[in-house]
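J.: model this:
(one chain, ligands or ions: 1)
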Amino acid sequence: MDKVLFIVCDGMADRPISQLGAKTPLEAANTPNLDKLVKKGLIGLMHVVGIGIRPGSDVAHLSLFGYDPKIYYTGRGPFEAAGLGMKISAGDVALRGNFATVNTDFKIIDRRAGRIDHTDTLAQALNNMFINNINISVASGTGHRAAVVLHGGNLDGRISDTDPHKNNIKILKSYPLVKNDYAKHTAQIINQFIIKSYKILSTHRFNKKRVAEGNLPANILLLRGAGKLPKLPSFKEKYGLRAACIAGAGLYKGIGRLLGMDVIKVPQATGKPDSNIKAKMKTALEVLRTYDFTFVHIKGADVLAEDGNYLGKKKFIEKIDLALAPLINREDLLIVVTADHTTSSILKIHTADPVPVLIAGKNLHTDNVSIFGERSAAGGKLGHIIGGHLMPIIIDFIGRAPLTGA
Ligand code: ZN
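T.: As a prediction, this is how the structure comes out:
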């Protein structure tokens, strides 16, 4: 059986940009290795979640791995918490958050507390709090980011955010989004947690030192994306494949972890445009000696597009392409390269446009397409597919699809 290398270049697809001669950053980029892979296999266009649906990265990845988000998605919080290595069990509710700065009226001065870094001390100060017999864990993420897990029974993740996503207005109170006592109880705990954590953070020596040095204090946690731990069948149960995950950013490690993949550390993987993609690819090839399926996530293109930096995105795609050189002569692998969604560098948002997907391997039907791009993909043999089709196609190509009928 061929092993599968599954590469997701986050937000790599884009729309034509007049300054690039009406090409997309992917079309404008010099990508000889991606083009060679296209020649070794087939290409198509994929609506990752559904036609006309503009996906977040979390929902998009569930769909790419064949987990229908309508059934399995409960919110981003659990994935972020799992990505930070937090313990999260059935019945727990997790949220993602920012360390931020508020004034004494709880008006937000800065949603990122002056882009604070290294918030471990503050997260520890809030960790292991009890409110109404619910134990609350807090862990710090990269930069100003953090995650919160409520452990215990009688909780419901269907509650609103306390983060208004804007500066200069008051933080919001969480309220239940469904009419039940559990959601009401969970929102109340979050509101009490916010008040308690403000008291702890605003008097913490770490923040006093920040203020003395002329920096904004990180005196509040803004929370969003609440959700219960989803009940996900593992990748192994679903496909019979031993899977590994290589990613820099927390969300993608969290998705891998909750799908039962082994998360492999690559120290130079940052989840940002400065990430060492060659190191990730080298690790992926080593890991594939013992695993059947390796998911590699590459974040940079999405970050650059959301900043409107289409030239940076084009360059970053060329950096990805260079890192793919060792794959060209690997006859023992089924190689998949795609994006989780389109990110428009002009609109600076995810869009619903379909993304190119290539599948390269031995003894596959090839097509006449020789370029990896949004327009060329429309002429490929894979045609137009939905994200949920991708894993069944891969499983069939490696000869492991179950027979329907007799
Ligand atoms: Zn994404």
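
J.: which other helices and strands does the helix or strand hosting residue 26 contact?
T.: Secondary-structure assignment from DSSP states H and E places residue 26 in helix 25-28. Judged by 3 or more CB pairs under 8 Å, 6 or more residues apart in numbering; DSSP states H and E, the packing partners of helix 25-28 are helix 310-323, helix 374-377. Backbone N, C-alpha and C define where each C-beta goes, glycine included.

J.: could you give the separation of that helix from the chain centroid?
T.: Averaging C-alpha positions (CA atoms, centre = their mean, to the nearest Å) puts helix 25-28 23 Å from its chain's average.

J.: so what touches that helix?
T.: The contact list for helix 25-28, computed with CB atoms under 8 Å, 6 or more residues apart in numbering, reads 12-14, 16-17, 20-21, 301, 305, 310-311, 313-314, 317, 345, 356, 371-375.

J.: ok, now stretch 102-121?
T.: For stretch 102-121, the surrounding residues in contact (CB under 8 Å, 6+ apart) are 98-101, 140, 143-144, 146, 163-171, 198, 204, 206, 210, 215-220, 222.

J.: switch the cut-off to 7 Å
T.: Under the contact criterion CB atoms under 7 Å, 6 or more residues apart in numbering, stretch 102-121 has outside partners 98-101, 140, 143-144, 146, 167-171, 206, 215-220, 222.

J.: same check on stretch 76-95?
T.: The contact list for stretch 76-95, computed with CB under 7 Å, 6+ apart, reads 58, 96, 137, 139, 141, 147-151, 153, 155, 157, 186, 223-230, 250-251, 253-255, 257-258.

J.: so residue 239 makes contact with residue 395?
T.: Yes: Residue 239 sits in contact with residue 395 when judged by CB atoms under 7 Å, with a separation of 6.0 Å.

J.: tell me which of the two has more neighbours.
T.: Of the pair residue 239 and residue 395, residue 239 is the one with more neighbours under other CB atoms under 10 Å, namely 22 against 19.

J.: how many other residues sit next to residue 160?
T.: Residue neighbour count, defined by other CB under 10 Å, stands at 17 for residue 160.

J.: that one against residue 178, yeah?
T.: No: using CB under 7 Å, residue 160 makes no contact with residue 178, being 10.8 Å away.

J.: residue 208: helix or strand, and which one exactly?
T.: Residue 208 belongs to helix 205-212, assigned by DSSP H and E.

J.: let me know whether stretch 39-52 sits next to the ion.
T.: No: using CB under 5 Å from the ion, stretch 39-52 stays clear of the ion, with a minimum separation of 9.3 Å.

J.: okay, buried residues for that stretch please.
T.: Under the neighbour-count criterion of 16 or more other CB atoms under 10 Å, stretch 39-52 has 39, 40, 41, 42, 43, 44, 45, 46, 47, 48, 49 buried.

J.: do the same with stretch 53-61
T.: 53, 55, 56, 57, 58, 59, 60, 61.

J.: same thing with stretch 307-323?
T.: Using 16+ other CB under 10 Å as the burial criterion, the residues of stretch 307-323 that qualify are 309-310, 312-321, 323.

J.: what do you get for stretch 206-213?
T.: Buried, per 16+ other CB under 10 Å, within stretch 206-213: 206, 207, 210.

J.: what does the pLDDT read for the closest residue to the first one other than its chain neighbours?
T.: Right, residue 206. Spatial nearest neighbour of residue 206, excluding adjacent residues (CB to CB, 6 or more residues apart in numbering): residue 121 at 4.9 Å. Note on residue 121: pLDDT of 97.

J.: which SSE is residue 121 in?
T.: Assigned by DSSP H and E, residue 121 belongs to helix 120-126.

J.: tell me how far the helix or strand just after that helix lies from the chain's centre.
T.: Next helix or strand after helix 120-126 toward the C-terminus (DSSP H and E): strand 129-131. How far strand 129-131 lies from its chain's middle: 29 Å, per CA atoms, centre = their mean.

J.: just the C-alpha atoms of the helix or strand that strand 129-131 is followed by, please, in CSV.
T.: Using DSSP H and E, the helix or strand that follows strand 129-131 in sequence is strand 134-140. Extracted in CSV, the C-alpha atoms of strand 134-140 (Å, rounded to 0.1, in the frame of the first residue of the first chain):
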residue,chain,number,x,y,z
ILE,A,134,-16.3,23.8,38.0
ASN,A,135,-12.6,23.6,37.7
ILE,A,136,-11.1,26.0,35.1
SER,A,137,-7.8,25.5,33.3
VAL,A,138,-6.0,28.3,31.5
ALA,A,139,-3.0,27.9,29.2
SER,A,140,-1.1,30.5,27.2
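
J.: could you list the paired strands of strand 134-140 along with their orientation?
T.: Note on strand 134-140: by DSSP bridges, its sheet partners are strand 129-131 (antiparallel), strand 145-151 (antiparallel).
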